[in-house]
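**Student:** no sequence on this one, just coordinates:
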């Protein structure tokens, strides 16, 4: 509960984990073109004056909050992969729909057994949960009526921290972009993993200068091992440099298709026609 908040505060209305159950084919989206809305300016509140923020809230009382991580994704990718993907998507949606975009939450809940990787930084689930409660409590008091917490990190404790935040009246919507079905875009995997074909393709599209494909190493896990890893029960095996999946199959064109798919599903389900229950 946020500091100083009343004990009468209730769980936020409509909180859920974003998911989709339908597919689009890879060739149809392999364009790599930048949508026209990308030329518009995101409404980043750290770059705005109070009167500008109040004016924006008067027209649309939503706030997008990107929640990232600082953790390894293999030798070929930077530690801020999850953060960079979330920021790009939040900026695009903010620009298109003229919705406020909060400063990025740079740290998330990582797997405890990965602390040995240089540069990794993690917070505990309750720390992230309490911080979000405090931040949302403050923003709600200034007029925000709906929060969209957007993340690209499937670690279960991280998701639980986001899914259990509370507000007084404001709605909270948790968007986990990797809960989508991305199998139609993949050649060597059936789902997103970690520093894999999905992450690497997205980074080749969004920030190719940060990717070293010559250092990419494939390492596959069984579905059960992947589940245990996401729960934090399984350490990255010694045979892996920190990634799980097949990053060697990544391409920028594939990243463009995946990003377009993710963006379209989020904009359609959350921004254009949000319903009372988004589970599919």
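**Tutor:** Arrived safely. This one's a predicted model, so the numbers in the text were calculated from it and none came from an experiment.
**Student:** what about the strands in this protein?
**Tutor:** Along the chain, counting by DSSP state E, strands occupy 10-11, 43-44, 62-67, 100-101, 146-151, 166-167, 171-176.
**Student:** deepest of the ones you listed, which one?
**Tutor:** strand 62-67 (a mean of 27; mean count of other CB atoms under 10 Å). Quick note: C-beta positions are derived from backbone N, CA and C, even for glycine.
**Student:** now for it, which elements pack on it?
**Tutor:** helix 81-97, strand 100-101, helix 125-141, strand 146-151 (3 or more CB pairs under 8 Å, 6 or more residues apart in numbering; DSSP states H and E).
**Student:** residues in contact with it?
**Tutor:** Strand 62-67 is touched from outside by 45, 83, 86-87, 89-90, 93-94, 99-102, 104-105, 108, 128, 132, 135, 139, 144-151, 153, 162, with contacts defined as CB atoms under 8 Å, 6 or more residues apart in numbering.
**Student:** poorly predicted segments of the chain, please.
**Tutor:** Residue ranges of the chain with pLDDT under 70: 1-39, 112-116, 221-223, 225-241, 273-280.
**Student:** again, only using 50
**Tutor:** With pLDDT under 50 as the threshold, the chain has low-confidence stretches at 1-38, 233, 277-280.
**Student:** in it, which spans are helices?
**Tutor:** In the chain, the segments counted as helices under DSSP state H are 26-29, 50-59, 81-97, 125-141, 156-163, 197-206, 223-231, 252-266.
**Student:** can you put those in a markdown table and add mean neighbour count and distance to residue 244?
**Tutor:** Output for those, formatted as a markdown table (neighbours: other CB atoms under 10 Å; distance: least, CB to CB, whole Å):
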| stretch | mean neighbour count | distance to residue 244 |
| --- | --- | --- |
| helix 26-29 | 14 | 22 |
| helix 50-59 | 13 | 40 |
| helix 81-97 | 23 | 13 |
| helix 125-141 | 18 | 21 |
| helix 156-163 | 20 | 15 |
| helix 197-206 | 26 | 10 |
| helix 223-231 | 15 | 7 |
| helix 252-266 | 21 | 17 |
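**Student:** adding distance to residue 66, write these out as CSV.
**Tutor:** Output for those, formatted as CSV (distance: least, CB to CB, whole Å):
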stretch, distance to residue 66
helix 26-29, 23
helix 50-59, 17
helix 81-97, 4
helix 125-141, 12
helix 156-163, 12
helix 197-206, 13
helix 223-231, 20
helix 252-266, 12
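**Student:** and residue 74, which of these is closest to it?
**Tutor:** Ranking the helices of the chain by their distance to residue 74 (criterion: CB to CB) puts helix 197-206 first, at 8.1 Å.
**Student:** bridging residues for residue 176?
**Tutor:** Taking DSSP bridges as the rule, residue 176 bridges to residue 151.
**Student:** tell me how far it lies from residue 59.
**Tutor:** 28 Å (CB to CB, to the nearest Å).
**Student:** what distance do you get for residue 74 to residue 141?
**Tutor:** 42 Å.
**Student:** what's the answer for residue 251, then?
**Tutor:** From residue 251 to residue 141 the distance is 46 Å (CB to CB).
**Student:** ok, now which ones touch the residue nearest to residue 150 when sequence neighbours are not counted?
**Tutor:** Computed as CB to CB, 6 or more residues apart in numbering, the closest residue to residue 150 that is not its neighbour in sequence is residue 175, at 4.5 Å. Counting by CB under 8 Å, 6+ apart, residue 175 makes contact with 18, 148-151, 266, 270.
**Student:** looking at those residues, which is nearest residue 210?
**Tutor:** For the contacts of residue 175, the nearest to residue 210 is residue 151 (19.5 Å; CB to CB).
**Student:** re the thing from before, farthest-apart pair in the contacts of residue 175, please.
**Tutor:** Most distant of the contacts of residue 175, by CB to CB, are 151 and 270, 13.2 Å apart.
**Student:** hmm, residue 80 and residue 104 touching each other?
**Tutor:** No. In this structure residue 104 lies outside contact range of residue 80 using CB atoms under 8 Å: 9.5 Å.
**Student:** what is in contact with those two at once?
**Tutor:** residue 68.
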